[in-house]
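Student: what follows is a protein structure lacking sequence information:
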């Protein structure tokens, strides 16, 4: 939710996200052979490094008319469900309801967010 402002003016919401990851590794393989005349050494070295970065930026702006005091609020879309837990009563030979709850389950994903204007 943004702060309320009195028009004329603009409310802007901006969000920046950045993620960076890097990893590296090194390995060394070697061997040694003893000969009658001397010694033979062999060594191979491998080094690997990988780096990646990802950025996401978005912005939402809303114009406020003259004489109005408003703010913006993000609402998340959701579904309403009724959840019921039942058990089987062996004496009556039927299912009985143990409890019932109404739940709101939010959708996942930023495309399911809705910005709305509120008068203050």
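Tutor: Right, received. Where do you want to start? The structure presented is a predicted model; accordingly, all values stated were derived computationally and were not measured.

Student: ranges for the strands of this protein?
Tutor: 5-6, 9-34, 39-64, 69-76, 78-89, 94-106, 113-119 (DSSP state E).

Student: for these, give me TSV that also has mean neighbour count and mean pLDDT.
Tutor: Every C-beta, even on glycine, is put in place using the N, C-alpha and C of the backbone. TSV is the format used below for these (neighbours: other Cβ atoms under 10 Å; pLDDT from 0 to 100):
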stretch	mean neighbour count	mean pLDDT
strand 5-6	14	74
strand 9-34	10	73
strand 39-64	10	73
strand 69-76	14	81
strand 78-89	10	92
strand 94-106	9	92
strand 113-119	11	78
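
Student: quick one, phi psi at residue 67?
Tutor: phi 90, psi 0 (degrees, to the nearest 10).

Student: for it, what are its contacts?
Tutor: Taking Cβ atoms under 8 Å, 6 or more residues apart in numbering, we find residue 67 in contact with residue 7.

Student: where's it relative to residue 8, distance?
Tutor: 9 Å (Cβ to Cβ, to the nearest Å).

Student: do residue 84 as well
Tutor: 52 Å.

Student: and the nearest residue to residue 55 once chain neighbours are set aside, how far is that from residue 99?
Tutor: Closest residue to residue 55 apart from its sequence neighbours, by Cβ to Cβ, 6 or more residues apart in numbering: residue 18 at 4.8 Å. Per Cβ to Cβ, residue 18 is found 45 Å from residue 99.
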